[in-house]
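K.L.:
prediction below, plus the sequence it came from.
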Amino acid sequence: MANPNIVAVTSILGVTTYYTPSGTAAVVLLPNAAASGLVFKINQIVAANVNGSSAVDTTVSIYSNGAVAQGGAPSGGTAYPIVSTVSVPADASLIVTDKTTAIYLMEGTSIIVTSGTASGITYTISYESIAS
């Protein structure tokens, strides 16, 4: 697993991805495969409670395995929480991270999310895909 040199950048692409997990098990929000040649600079992660009537807990973690596609179940790695079991009130949003707390997602890692209620949280992640 290489660490791409972000001084010798060949491209920086802005990307925004959305995902609403249909269950309550941990799933991948953003994978970065081991040989991608990319580093992702995470600009913002927002967890929006779309339940409408009650609070929903959320956990967002950096995961030490990036081999699973978005929506897949993480396996063979370790979760390092950014936020852990935070209650998001009905019809409210939680800014998990923004540009003031930059996170670089290296090759071979991923961002995983867990919702306390099926289809209760929509996650939005905005990031820069940096290639060298």
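P.N.:
Nice, thanks for sending it over.
K.L.:
where does the residue most central in space within the chain land in three-state SS?
P.N.:
Central residue of the chain (CA atoms, centre = their mean): residue 111, 3.5 Å from the mean position. Under DSSP: H, G, I helix; E, B strand; the rest coil, residue 111 falls in the strand class.
K.L.:
quick one, grab the pLDDT at it.
P.N.:
Residue 111 carries a pLDDT value of 97.
K.L.:
again, but for the one 3 residues further on
P.N.:
The predicted local distance difference test score for residue 114 is 97.
K.L.:
pretty sure residue 77 belongs to a strand, no?
P.N.:
No: counting by three-state DSSP, residue 77 falls outside a strand, being coil.
K.L.:
what's the closest non-adjacent residue to it?
P.N.:
Nearest in space to residue 77, with sequence neighbours left out and distances taken as CB to CB, 6 or more residues apart in numbering, is residue 65 at 3.1 Å. Backbone N, C-alpha and C define where each C-beta goes, glycine included.
K.L.:
likewise for residue 59?
P.N.:
The nearest residue in space to residue 59 (CB to CB, 6+ apart) is residue 114, at 4.3 Å.
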